[in-house]
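Asks: model this:
(one chain, ligands or ions: 1)
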Amino acid sequence: MGKRILITGGAGFIGSHLSRELEQAGHFVRILDNFSAQVHGSRPERHDTLAEVQVGDVRNREHVKLALNGIDIVFHFAASVGVGQSMYEVRSYIDNNNLGTATLLQALITEKSPAIERLVVASSMSIYGEGLYVTAEGTVIDKARREVRDLERHDWEPKGPGGLPISPRPTPETKRPELASVYALSKFDQEQMCLMLGAAYKIPTVALRFFNVYGPGQALSNPYTGVMAIFASRILNGHSPVVYEDGLQKRDFVHVSDVARACHLAMQSSQAAGHVINIGSGIQYTILEIAERMARAMMRPTIRPELTGKCRIGDVRHCFADISLARKLLGFEPRITLSDGLRELTDWLSRQRAIDKTKEANAELLSRGLAI
Ligand SMILES: NC(=O)c1ccc[n+]([C@@H]2O[C@H](COP(=O)([O-])OP(=O)(O)OC[C@H]3O[C@@H](n4cnc5c(N)ncnc54)[C@H](O)[C@@H]3O)[C@@H](O)[C@H]2O)c1
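Replies: I've put the predicted structure just below:
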């Protein structure tokens, strides 16, 4: 039987895809979204969905109470999403992400009777900081860090004990968090607050740690989030994608339709309750390769990535997902290869216009000493 589902932040990139996935499966979907200008522009387009759209703020108790009326399942996605920006818009990130989550949870535990059947909260790979590494002897290093003096010498790779080389490995959920930005701190607070109160009030709760999500619908004019969207916005405007360090840092890119499916599975799997689960593709690419492949896919092969040799404070060198737990608990298997995903993204991009704000966003970081 169809469920009645609320998605906070449901008008955003991942929320829109999830909303369509759930509608197609026969569920009723309501969206609570404040259509933040940074994501949607000053004149948001009409939202392309069958969902019931409630324009409102997750920090507002009345809006949340109204949004929860008759709801069985909640996906909590509403958040400010930008690692670099969170390092100077501190109050706004903590206000939106932490207070928003606290307001939702307060309503769930004091107003919602009977309790909802499931809460799924969007967390992030950013909470890991550096991913997992091993030494040449196979010793696991789960707190690799980079020193500013090494970064200033363009010595980009984290080192093991005694300065010896270490190699990155897929990062499992058991890797200890190393919070390197206000955004990461707020995402960790969001997931832990949901899991803690979920356990205390018997609300089956799942936290999904998304890796780098990409696909059609990501905000192209938001220079603070989504490396592929940021590169696309540069290339669409005839400019080089701006790549930090030497471009050889590795990430895990997962297609938004795979993420939407993982969310759908997380709402159904009884084994998933109480867990944090990585959602990625399980495959790693360098940022440089992504920039080059995007330029080729967008038929602009002469546009070469611009390597800045600069580094953002708090950026990690390598982090990509171990998705064994998602396979085990959710039966999740990524379906979209990077080649297919890039083809589909390029098709969508050919119908888009983007305002390229990359230079302003990067200048903001440099002027504050947040990029060196
Ligand atoms: N996109 C990624 O690669 C990625 C990776 C890791 C985690 N996440 C997490 O997934 C979730 C969704 O991300 P996304 O990429 O779709 O971001 P997005 O910016 O496209 O969507 C977020 C939505 O939340 C809304 N919103 C923000 N503050 C709100 C508030 N106070 N009240 C109501 N609505 C509010 C925005 O208007 C927007 O529509 C976020 O929680 C994000 O932290 C995303």
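
Asks: and the residue in the chain positioned nearest to the ligand, how many neighbours?
Replies: At 1.9 Å from the ligand, G12 is the closest residue in the chain, using CB to the nearest ligand atom. C-beta: built from backbone N, CA, C; applies to glycine. G12 has 26 neighbours, counted by other CB atoms under 10 Å.

Asks: got the contact list for it?
Replies: Applying CB atoms under 8 Å, 6 or more residues apart in numbering, we find G12 in contact with 33, 39, 77-78, 81, 219.

Asks: now these in CSV, with pLDDT and neighbour count?
Replies: Output for these, formatted as CSV (pLDDT from 0 to 100; neighbours: other CB atoms under 10 Å):
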residue, pLDDT, neighbour count
D33, 97, 27
V39, 88, 21
F77, 98, 26
A78, 98, 29
V81, 94, 28
A219, 84, 21
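
Asks: got the contact list for I290?
Replies: So I290 contacts 227-228, 231, 251, 253 (CB under 8 Å, 6+ apart).

Asks: Okay, and it sits in which element?
Replies: Taking DSSP states H and E as the definition, I290 sits inside helix 287-297.

Asks: Name the strands paired with the helix or strand following that helix and say parallel or antiparallel.
Replies: Sequence order places strand 306-307 as the next helix or strand after helix 287-297, per DSSP H and E. The strands that strand 306-307 pairs with in its sheet are strand 242-243 (parallel) (by DSSP bridges).

Asks: how far off helix 287-297 does the strand or helix carrying G341 point, in degrees?
Replies: Assigned by DSSP H and E, G341 belongs to helix 338-349. Angle, helix 338-349 to helix 287-297, by axes from the mean of the first three to the mean of the last three CA atoms, to 10 degrees: 50 degrees.

Asks: Now whichever helix or strand comes after helix 338-349: buried residues?
Replies: For helix 338-349, the succeeding helix or strand toward the C-terminus, using DSSP H and E, is helix 358-367. Applying a neighbour-count criterion of 16 or more other CB atoms under 10 Å, one finds 358, 361-362, 364-365 buried in helix 358-367.

Asks: of all the residues in this structure, which ones are close to the ligand?
Replies: Proximity of the chain to the ligand, by CB under 6 Å from any ligand atom, involves residues 8-9, 11-15, 32-36, 39-40, 57-59, 77-81, 96, 100, 122, 124, 187, 210, 212-213, 219, 226.

Asks: again, only using 5 Å
Replies: 9, 11-14, 33-34, 36, 39, 57-58, 77-79, 81, 96, 100, 122, 124, 210, 213 (CB under 5 Å from any ligand atom).

Asks: Please verify my assumption that R293 contacts T337.
Replies: No: between R293 and T337 there is no contact under CB atoms under 8 Å: 11.8 Å.

Asks: Contacts only, for E333.
Replies: R327 are the contacts of E333 under CB under 8 Å, 6+ apart.

Asks: quick one: it from S123, how far?
Replies: Counting by CB to CB, to the nearest Å, the gap from E333 to S123 is 21 Å.

Asks: Ramachandran coordinates for L105?
Replies: Torsion angles at L105 (phi, psi; degrees, to the nearest 10) stand at phi -70, psi -40.

Asks: Revised request: answer the last question for K357.
Replies: phi -110, psi 20.

Asks: Tally up the residues packed near it, please.
Replies: 17.

Asks: wait, what's in contact with it?
Replies: Counted by CB under 8 Å, 6+ apart, K357 has contacts 221-223, 233.

Asks: right, and the pair among those residues with maximum separation?
Replies: The largest separation in the contacts of K357, counting by CB to CB, is between N222 and S233 at 8.8 Å.

Asks: Need phi/psi at T302.
Replies: Per degrees, to the nearest 10, the backbone of T302 is at phi -80, psi -10.

Asks: what does P114 give?
Replies: Main-chain torsions, P114, degrees, to the nearest 10: phi -70, psi 160.
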